[in-house]
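[1] Predicted model follows, preceded by the sequence.
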Amino acid sequence: MTARSRADLATASRIVVKVGSSSISGESSWRIPVLVEALAAAHARGAEVVLVSSGAIATGIPFLRLDARPTDLATQQAAAAVGQNVLVYRYQEALRPFDIVAGQVLLTTGDLEHPTSRSNARRAMERLLGLRILPIVNENDTVATQEIRFGDNDRLGALVAQLIEADALVLLSDVESLYTKPPSIPGAEPIDTVAADADLSGLEFGSSVVNSVGTGGAATKVSAARLAAASGIGVLVTSADLVDQALTGAPIGTWFEPAL
């Protein structure tokens, strides 16, 4: 049943959670067990949980002995090939105490655009969830080209939520909520709720940013949240540090009301 409010996250049957590179890679890799504990709690109450996780390239960088995120596509693909393996291993190790098995799902835009591959992806995801596996989804950076990339995993999270008809989508960020303008600017106010038909033209969201480990920003989260909400999926945007509260329906973050 679609989550109509934040509180419904506590009882939602099918939830997609998206986490970005900066939250779980490099010096922030300590957050993986914290994230997993919250996901495991939802899983234990019977929810079907899908994790959309960035971080393959960022995780692979130190193993390639690079000082910064590569800018050329070939090296990004190489970093992703190494990093995805390490990333899923870290997740599986964190899931082990909860007796939960992870299943890796790598997608490109073409997989979700073409009817046959989209149907195959949906069938595979449905079967994994039916077997009580926790799918960990990421863009297939090893084979994706600049022309066919999702652009950011916020959008991938929204598309996966649509694919499996999730009840709710949780987009984890580095701030507790979205603001009326970048929070560093005086006068910025936190946004509690965004109605399905809200006009956001008067608000100022930061454009996509590229940092040392990933891509994204408030603007990409708003775009992804509205995409999912328009499909009837409630969306919560909040901090990765508050994931446990998010999944228990606490009054935190910015809630995007689903369209009826």
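    Perfect, thanks for sending it.

[2] Report the spatially closest residue to Gly234, excluding sequence-adjacent ones.
    Ala3 (4.0 Å; C-beta to C-beta, 6 or more residues apart in numbering). (Glycine included, C-beta is placed from N, CA and C.)

[3] Show me what the host helix or strand of Val105 packs onto, helices and strands only.
    Assessed by DSSP states H and E, Val105 sits inside strand 102-107. Counting by 3 or more C-beta pairs under 8 Å, 6 or more residues apart in numbering; DSSP states H and E, the packing neighbours recorded for strand 102-107 are helix 73-95, helix 115-130, strand 134-139.

[4] Repeat the analysis, applying 6 Å as the threshold.
    helix 73-95, strand 134-139 (3 or more C-beta pairs under 6 Å, 6 or more residues apart in numbering; DSSP states H and E).

[5] Out of these, which one sits most buried?
    strand 134-139 (a mean of 24; mean count of other C-beta atoms under 10 Å).

[6] quick one: the strand holding Val105 to chain centroid distance?
    Relative to its chain's centre, strand 102-107 lies at 13 Å (C-alpha atoms, centre = their mean, to the nearest Å).

[7] residues in contact with it?
    Strand 102-107 is contacted from outside by Val88, Tyr91, Gln92, Leu95, Leu128, Ile133, Leu134, Pro135, Ile136, Val137, Asn138, Asn140, using C-beta atoms under 6 Å, 6 or more residues apart in numbering.

[8] could you redo the last one with a cut-off of 7 Å?
    Strand 102-107 has contacts (C-beta atoms under 7 Å, 6 or more residues apart in numbering) with 88, 91-92, 95, 121, 124-125, 128, 133-140.

[9] residue ranges with poor pLDDT in this structure?
    The chain contains residues with pLDDT under 70 at 145-151, 202, 204, 206-216.

[10] could you pull out the helices for it?
    21-24, 31-44, 56-60, 73-95, 109-113, 115-130, 153-163, 218-230, 243-246 (DSSP state H).

[11] Can you add distance to Gly253 and give those back as TSV?
    Formatted as TSV, the helices of the chain follow (distance: least, C-beta to C-beta, whole Å):
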stretch	distance to Gly253
helix 21-24	14
helix 31-44	14
helix 56-60	24
helix 73-95	23
helix 109-113	26
helix 115-130	25
helix 153-163	14
helix 218-230	11
helix 243-246	6
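
[12] Let me know which of those helices is the nearest to Gly187.
    Among the helices of the chain, helix 218-230 comes nearest to Gly187, with 15.8 Å by C-beta to C-beta.

[13] Buried residues in the closest one, which are they?
    By 16 or more other C-beta atoms under 10 Å, the buried positions in helix 218-230 come out as Ala218, Ala219, Thr220, Lys221, Val222, Ser223, Ala224, Ala225, Arg226, Leu227, Ala228, Ala229.

[14] again with stretch 25-37
    Ser25, Ser28, Ser29, Arg31, Ile32, Val34, Leu35, Val36.

[15] circling back: will you turn the helices and strands packed on strand 102-107 into JSON lines that also has distance to Asp67?
    Formatted as JSON lines, the helices and strands packed on strand 102-107 follow (distance: least, C-beta to C-beta, whole Å):
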{"stretch": "helix 73-95", "distance to Asp67": "12"}
{"stretch": "strand 134-139", "distance to Asp67": "24"}
